[in-house]
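Engineer: Fold the following and give me the result.
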Amino acid sequence: MKHFLDINEVPKSELRHILNEAKRMKSERKGFTKGAIDFGAPLSGHILAMIFEKSSTRTRVSFDVGMRQLGGSALILDASSSQLGRGETIGDTAQVLSRMVDAIMFRANSHEALLELAKWSSVPVINGLTDKSHPCQILADLQTLEECGLNLKGSRIAWVGDGNNVLTSFMEAAIAFDFEIIAACPHGYKPDIKTVWELQSKGGKITIVDDPNEAAKGADCLVTDTWVSMGDTNISERMQALGPYQVNEDLMAKTNDAIFLHCLPAHREEEVSSAVIDGPSSKVFDEAENRIHAQKAVLRWCLDK
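Structural biologist: So this is what the prediction gives:
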């Protein structure tokens, strides 16, 4: 069973294959309408169930469009309007859906729920986001960087802000694609130290610092994310702690003419200035579009198509 749950659970060679496939499929669609089906309709007759415990724009649309382009179809289950929201177990849900669909994408509140779904599912399960990680986003990010001409191997990627689930997946990818991650996060908002140590022990070139200027220095790419994610309640504390970590023109000037990425949604003049996100270094909308192609490659990998 080929689940796609975390970057570090997929062999390096297969991650490279997925990324190459994403770029190939995107290139082959030049001049096509967005609803045109890929040559050969590789997932014709296949159905993807998408379960959402969190609100979504990019994940929902990109997986749906991706399945249509592959010749398949997708259906949406919101936890609040399905039996999951009425107490049905994740295990029962997984076993029922496995009889009805070919793959399941889960955007979950907790990583434990994702693992429970994968345990009971007899069809591939894809991580659409959890509190721990966001692997599909990172594949789209890496695709974007390579499209911009960046050689991932040996590159320096800086993260500034909250040490969240997206950063965790970036740190895992650093091992597979042999780049350096240096993350500047305030106290109380750093990534889980045990996770950092574990990834460092596996060869990850990962450094965690306090100063965003230190992280930005010489960076080839600078990444940030929203300061307040879905479910966060300590909003005023977060805003105060993360205030000095805004990505602005002064910070970008310390980089190696870096590419700016943000998985969106963004809050201008909070985690990033308008001048940066709307400026020439920003590739955030290429990044968002690439969710379609990266996830199509993941779907084909999971289903051996």
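
Engineer: For residue 300, which non-adjacent residue is spatially closest?
Structural biologist: Taking Cβ to Cβ, 6 or more residues apart in numbering, and ignoring the residues beside it in sequence, residue 300 has residue 42 as its nearest neighbour in space, at 6.0 Å. All C-beta atoms are positioned from the backbone trio N, CA, C, and that covers glycine.

Engineer: On the three-state scheme, the one you found is what?
Structural biologist: Per DSSP: H, G, I helix; E, B strand; the rest coil, the secondary structure class of residue 42 is coil.

Engineer: My guess is it contacts residue 70. True?
Structural biologist: Yes: between residue 42 and residue 70 there is a contact at 5.5 Å, judged by Cβ atoms under 8 Å.

Engineer: Next, count neighbours for the residue nearest to residue 300.
Structural biologist: When neighbours are defined as other Cβ atoms under 10 Å, residue 42 has 18 of them.

Engineer: correct me, but residue 1 touches residue 122?
Structural biologist: Yes: here residue 1 lies in contact with residue 122, judged by Cβ under 8 Å, at a distance of 7.3 Å.

Engineer: Tell me the helices and strands packed up against the lengthiest helix in the chain.
Structural biologist: Secondary structure of the chain per DSSP state H: the longest helix is helix 284-302. Judged by 3 or more Cβ pairs under 8 Å, 6 or more residues apart in numbering; DSSP states H and E, the packing partners of helix 284-302 are helix 12-28, helix 58-69, strand 125-129, helix 135-147, strand 259-262.

Engineer: For residue 182, give me phi and psi.
Structural biologist: phi -120, psi 120 (degrees, to the nearest 10).

Engineer: what sits against it?
Structural biologist: 156, 157, 158, 159, 206, 207, 208, 209, 214, 215, 219 (Cβ atoms under 8 Å, 6 or more residues apart in numbering).

Engineer: Could you check the pLDDT of it?
Structural biologist: Note for residue 182: predicted pLDDT of 98.

Engineer: do the one 5 residues further on as well
Structural biologist: In this prediction, residue 187 carries a pLDDT score of 97.

Engineer: likewise residue 81?
Structural biologist: At residue 81, pLDDT is 69.

Engineer: How about the one 5 residues further on?
Structural biologist: At residue 86, the pLDDT value in this model is 70.

Engineer: got any residues that touch both of residue 42 and residue 70?
Structural biologist: Residues touching both residue 42 and residue 70 (Cβ under 8 Å, 6+ apart): 300, 305.

Engineer: Show me the shaky parts of this structure.
Structural biologist: 81, 85 (pLDDT under 70).

Engineer: Where do the helices of it begin and end?
Structural biologist: With DSSP H as the criterion, the chain has helices spanning 12-28, 58-69, 90-98, 111-120, 135-147, 165-177, 193-201, 212-216, 235-242, 249-252, 274-277, 284-302.

Engineer: Format those as CSV; extra columns: mean neighbour count and distance to residue 227.
Structural biologist: Converted to CSV, the helices of the chain look like this (neighbours: other Cβ atoms under 10 Å; distance: least, Cβ to Cβ, whole Å):
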stretch, mean neighbour count, distance to residue 227
helix 12-28, 16, 29
helix 58-69, 21, 19
helix 90-98, 18, 30
helix 111-120, 19, 21
helix 135-147, 25, 17
helix 165-177, 24, 13
helix 193-201, 14, 21
helix 212-216, 20, 13
helix 235-242, 14, 4
helix 249-252, 18, 15
helix 274-277, 18, 14
helix 284-302, 23, 16
